[in-house]
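# This is a predicted model, with the sequence first.
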Amino acid sequence: MRALPSKIYRTAILGLTLLGVGPALAQEKTEITITRQPGIVYLPSHVMEKMNLIEKQAAKLGLKDFKVNWVNLSGGGAQTDALLAGNIDAVNTGVGNLLLLNDRTKGGVKGIVASSALPLALISRDANIKTLADIKPSDRIAVPTVKVSTQAILLQMAAAKMYGDKEYAKFDAKTVQLGHPDAFGAMTNPTSEIRNHFAAPPFQFRELKSVPGAHIVVQSQDIIGSPLTQSQFFCTTKFADANPKAIQAIMAATLEAQAFIREHTADAVKMYKEVTHDTTSDADLLSYLKEPMMMEFNPQPQGIMKFAQHLYKIGTLKTEPKSWKDYYLPIAHNLPGN
């Protein structure tokens, strides 16, 4: 594999060196558990699992026989509950969950590194719904977690733009909590009340291809005006302080996986299918990754402040956001986030 090419990645490597870690005060863990959700949004994690990248990076740092357990959960709410309960060590999920947990714990949960900023899309199979303004009180929209998932917050941001800040929650009552695979199943069932799904890749593409009448209503970049980090690794600061080499290994492994995806996309897709058992053809998955913004596998946090400012304005966040760096560990601060 070629060296990491971009200035961003060189900066990240510099961060690993300059903002890396000293000796731990106590013996570090040699086995950790990380959760993620379904979808190709989490492709870096699938590459990391198949290639044992975290384990290899940990070994370079002197953590021998290091083991990573990967657990798949259907929604960010279940992931964050597991993190706060101490049942897992790190989470790979959306930005909304990171911001809410950081605020709830008064800075006790922080990001390590972003892993992707692929676009989300609200898909409808209702011919009468062409824009968000067409959503009726009786309509239902599937999201991974109501009110607090990235998709739910995007709907709040859209409502605030359309109807005014006081109406930010206009779509909340119309959302239904379903993991993406279950939402896809509902969308393919003509008798289901679920005719709308705010999907993450590859599910929007699968629905557009297989669900009669399916079409895009709005995409995440239409609402926020720029790329938005859809998955990042985060953990408690307690875990980070006690396990600095593990944090460094996760960062380095993420950079390595992102570079591998860019340079060996077909091989990465095969790894994704092996891990997830997704039956989508290689050709279809590769075609999805050729769509606009579908190769945004970057380490820098994107759109963090726009999200945080919205959540503070509506009162969800109690602490006013000052910088995206407040939500991330120092190891990420050299990255060009926003």
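Structure received. Numbers count the residues shown, from 1 in each chain.

# tell me which residues in stretch 219-226 are buried?
219-221, 223-224 (16 or more other Cβ atoms under 10 Å). From N, CA and C alone the C-beta is placed, and that goes for glycine too.

# I meant stretch 127-140, not that one.
129, 132, 135, 139-140.

# can I get the CA coordinates of stretch 242-258 in CSV?
What follows is stretch 242-258, C-alpha atoms only, in CSV (Å, rounded to 0.1, in the frame of the first residue of the first chain):
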residue,chain,number,x,y,z
ALA,A,242,-6.3,4.7,31.1
ASN,A,243,-5.6,3.3,27.7
PRO,A,244,-3.6,5.9,25.6
LYS,A,245,-1.9,3.3,23.4
ALA,A,246,-5.3,1.8,22.5
ILE,A,247,-6.5,5.2,21.5
GLN,A,248,-3.4,5.7,19.4
ALA,A,249,-3.9,2.3,17.8
ILE,A,250,-7.5,3.1,16.8
MET,A,251,-6.4,6.4,15.2
ALA,A,252,-3.6,4.8,13.2
ALA,A,253,-5.7,1.9,12.2
THR,A,254,-8.5,4.2,11.0
LEU,A,255,-6.0,6.2,8.8
GLU,A,256,-4.7,2.9,7.4
ALA,A,257,-8.1,1.6,6.6
GLN,A,258,-9.2,4.8,4.9
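
# In helices, which of the buried residues of stretch 219-226 fall?
Among the buried residues of stretch 219-226, DSSP state H puts 220-221, 223-224 in helices.

# Using a markdown table, lay out the residues you listed together with distance to Phe66 and pLDDT.
As requested, these are arranged in a markdown table below (distance: Cβ to Cβ, whole Å; pLDDT from 0 to 100):
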| residue | distance to Phe66 | pLDDT |
| --- | --- | --- |
| Ser220 | 35 | 95 |
| Gln221 | 37 | 94 |
| Ile223 | 40 | 96 |
| Ile224 | 37 | 94 |
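
# if we can go back for a sec, let me have the buried residues of stretch 219-226 in TSV, extended by distance to Gln258.
Listed next are those as TSV, based on distance: Cβ to Cβ, whole Å:
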residue	distance to Gln258
Gln219	22
Ser220	20
Gln221	20
Ile223	25
Ile224	22
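
# any idea how far stretch 256-273 is from the chain center?
When distances are taken as Cα atoms, centre = their mean, to the nearest Å, stretch 256-273 is centred 17 Å away from the chain's centroid.

# what's the answer for stretch 127-142, then?
The answer for stretch 127-142 is 25 Å, by Cα atoms, centre = their mean.

# same check, this time on stretch 249-269
On the basis of Cα atoms, centre = their mean, stretch 249-269 is displaced by 16 Å from the centre of the chain it belongs to.

# Brilliant, that's me finished.
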